[in-house]
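S.K.: the sequence and its predicted three-dimensional model are supplied below.
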Amino acid sequence: MIRKCDAADFEAIYEIINDGASAYKGVIPDDRYHEPYMPREHLRREMDAGVVFWGLEEAGELAGVMGIQDVKDVTLIRHAYVRTAKRRRGIGSKLLAHLRKLTDRQLLIGTWADATWAVDFYEKHGFRVVTYEEKEMLLRKYWNIPEQQVATSVVLAEK
């Protein structure tokens, strides 16, 4: 079952993000990876800034989460993670398909360039990596991230 997450899901969202983000260790720049990857305060700020999480629930437990956020004239897919023990079961695909139905705006996704599994996932679902010039403009217009993260990220857009 896919459902909108609420305040009672905060700890589960926190756990899923930090469990899933363990895949970044040794892949993304060392100064961008820390434990926890996303501290509670950061997660709270993201939610306060309008990131709405949706989760796929199995047997009464969230197995994966994906956020969606309207920013200016686009919609961003944010913080998409599946519990490590539940990967490769279609959870991310189901969440992405659901979130795509929630907006008629241009969808954009930002991720680490070296997270090739994430880039491959989105490309498999009809997104394309934008050009370097587009990426630079889009990350600065729609995201609030440090310059080093801009340099080491990619943006994907629907084809």
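M.R.: Looks like it came in fine.
S.K.: between its first and last residues, how far does stretch 84-94 reach?
M.R.: End-to-end distance for stretch 84-94: 16 Å, by C-alpha to C-alpha, to the nearest Å.
S.K.: list of residues touching that stretch?
M.R.: 2, 19-20, 22-23, 56, 58, 63-64, 66, 80, 82, 121, 125 (C-beta atoms under 8 Å, 6 or more residues apart in numbering). Quick note: C-beta positions are derived from backbone N, CA and C, even for glycine.
S.K.: for the chain, which segments count as strands?
M.R.: Ranges of strands in the chain, per DSSP state E, are 2-4, 52-58, 61-71, 74-82, 106-112, 127-129, 153-158.
S.K.: those: which one's closest to His42?
M.R.: Closest approach to His42 among the strands of the chain (C-beta to C-beta): strand 74-82, 10.1 Å.
S.K.: so how far is the helix or strand of the chain with the lowest mean pLDDT from its chain's centroid?
M.R.: Counting by mean pLDDT, DSSP states H and E, the chain has its least confident helix or strand at helix 147-151, which shows a mean of 93. Relative to its chain's centre, helix 147-151 lies at 17 Å (C-alpha atoms, centre = their mean, to the nearest Å).
S.K.: format the CA atom coordinates belonging to that helix as CSV.
M.R.: Extracted C-alpha coordinates of helix 147-151, given in CSV (Å, rounded to 0.1, in the frame of the first residue of the first chain):
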residue,chain,number,x,y,z
GLU,A,147,28.7,24.3,-4.5
GLN,A,148,30.7,21.0,-4.1
GLN,A,149,27.4,19.1,-4.2
VAL,A,150,26.5,21.0,-7.4
ALA,A,151,29.8,19.9,-8.9
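S.K.: quick check, Lys159 in contact with His125.
M.R.: No: assessed by C-beta atoms under 8 Å, Lys159 is found out of contact with His125, at 10.0 Å.
S.K.: ok, those two, which is more surrounded?
M.R.: His125 (15 against 7; other C-beta atoms under 10 Å).
S.K.: do you know the pLDDT at that one?
M.R.: Note on His125: pLDDT of 98.
S.K.: ok, it - contacts?
M.R.: Ser93, Leu96, Ala97.
S.K.: out of the residues you listed, who's the most crowded?
M.R.: Neighbour-wise, the contacts of His125 (other C-beta under 10 Å) top out at Leu96, 20 neighbours.
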